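**Student:** Give me coordinates for this.
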Amino acid sequence: MKKGLIITLSFILLTAFVSCGGGKNVKDDEKSTSKKQTNANRGQETGYATIFDNDTALARDRATDDAKSKLVLKILGETISGTSLMENYELVSNIVEAKSYGLVKNVQIIKKWQEGTEYFVTIEGTVEASVVEDAVEDALNRYGRPKFMVLVKETFNGKENMPGFTETEMLVQEIMGNTGFQFVDAAMTQELMKKEKAKMQKAVSGTVSEDVQDLLLSDAGAEVIIIGTAETKAQGSETLKNLGATEMKSRSAIIRIKAIDVYTGDILASTSKQAPGLHIEDETASKKAIEAALKQILGKQDDQGKFQPGQFMDTIIKKFVKAANGREIKVVITGLGAAELKDFKDQISNRVRGVKQVIEKGRDGKAARLEVIFAGKTNDFEDELSAKAANMGFEINVTSSRPNKLIMTAKKINQ
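**Tutor:** Numbers count the residues shown, from 1 in each chain. Now for the predicted structure:
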């Protein structure tokens, strides 16, 4: 199931690459074509990084990452500039910028040197669009796959069904579940709708406040929620002569849904689709109509049995993977004065891998709130910070760790 999901997700990104010719497969006997493609996609770039606390190993790694990122921009940028591939390219370059893996192959260090507090590395490598599948798989393995919760208000043949166990929710889980996506158990969703009614009503309305984040992320494990409405209506009946004048019920379903990133509250995708359904029974006709509308939204299998994702699902995957490379982590820290806090922020920004930005959101005495933009999960950031804190001149103690929040105390070490 895991392998099927990876293939499905990779296919979404690979389709655009292959259609533009950047990721064509090359047969072994087509040596001239292979050589031409390799030469076109190989080049050199120089990256640099600042050396902190004489940590040249870290600076060398950062300079190499910078060079790889620049090489991707150079090679793929020249290849796809002005084409419809640009949207996918931005996602890929975002992944490479964060961790510099996946797209640069056969890397050779041409030169490395130090000038004052700066470290430089010149590399030569090959960048081929066809390795996007590897990059996407690696990104998914590092940052995890989104776990969904579905909350859809439903009017089914005139009867109102509240979120938690509607026909639409079950069909969404069936269609997406068959491709390997995971969902919060329906029984847990129903339980939360009863016990945490106020917070869950916020989620149903699309309001992802901090208390809703804590509930969905920590208690339910839901990283993306799909919310919206579904309504079925009668369209009359039809008589099919070939079935002995059997009267068929005709129903129409209209579905309006959107997907929200629970970490940030950002809307990942939204859509509205309508479709008919026919059957001799009213309920089955309505269910078929809902299923037909959802297949337009989520995707369906083609004639060869391969799953073809719909635009809604396609957009969710792209945006979630991209967001995972710049996730917002809330940090509440106590024990540092103003000058010490500034030093702490600078150290995190330059010493902890994956950190893109550290923003101070408020301070009261020796208590402060920070927002760390990080390529990865919160526990990755916590592990990296804990391992390097002493070398950065701080003693830290994490008292609470949540999927998108850390609470800690810190003390400046006299060195």
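
**Student:** Return the list of helices and strands in contact with the longest helix along the chain.
**Tutor:** The longest helix of the chain (DSSP state H) is helix 56-80. Under the contact criterion of 3 or more C-beta pairs under 8 Å, 6 or more residues apart in numbering; DSSP states H and E, helix 56-80 touches strand 42-50, helix 86-99, strand 104-115, strand 118-127. Bear in mind the C-beta positions are built from the backbone N, C-alpha and C, glycine included.

**Student:** how big is the angle separating that helix from strand 104-115?
**Tutor:** With axes from the mean of the first three to the mean of the last three C-alpha atoms, to 10 degrees defining the directions, helix 56-80 sits at 130 degrees from strand 104-115.

**Student:** Just the buried residues of helix 56-80, please?
**Tutor:** Going by neighbour count (16 or more other C-beta atoms under 10 Å), the buried part of helix 56-80 is 58-73, 75-76, 79-80.

**Student:** How far does that helix sit from its chain's centre?
**Tutor:** 22 Å (C-alpha atoms, centre = their mean, to the nearest Å).

**Student:** the helices in the protein, which residues?
**Tutor:** Under DSSP H, the chain gives helices at 2-19, 31-40, 56-80, 86-99, 132-143, 167-177, 186-195, 197-205, 210-213, 282-298, 311-324, 338-351, 378-392.

**Student:** low-scoring stretches of this structure, by residue?
**Tutor:** For the chain, the stretches with pLDDT under 70 are 1-40, 76-102, 129-145, 236-246, 415.

**Student:** domain ranges for it?
**Tutor:** 2-143, 147-323, 326-412 (automatic domain parsing).

**Student:** Verify the contact between K377 and D383 for me.
**Tutor:** No: counting by C-beta atoms under 8 Å, K377 stays clear of D383, with 9.6 Å between them.

**Student:** out of these two, which sits in the more crowded spot?
**Tutor:** For K377 versus D383, neighbours defined as other C-beta atoms under 10 Å are more numerous around K377 (18 against 12).

**Student:** separation between the more buried one and R402?
**Tutor:** Going from K377 to R402 by C-beta to C-beta, to the nearest Å gives 11 Å.

**Student:** Then L58?
**Tutor:** On the measure of C-beta to C-beta, L58 and R402 end up 28 Å apart.

**Student:** cool, and S205?
**Tutor:** Applying C-beta to C-beta to S205 and R402 gives a distance of 23 Å.

**Student:** Also K147?
**Tutor:** Taking C-beta to C-beta as the measure, K147 falls 15 Å from R402.

**Student:** Looking at those two, which is more packed in?
**Tutor:** K147 (17 against 14).

**Student:** who does the more buried one bridge with?
**Tutor:** Judged by DSSP bridges, the bridge partners of K147 are Q182.

**Student:** And it, how far from K105?
**Tutor:** Distance from K147 to K105, by C-beta to C-beta: 32 Å.
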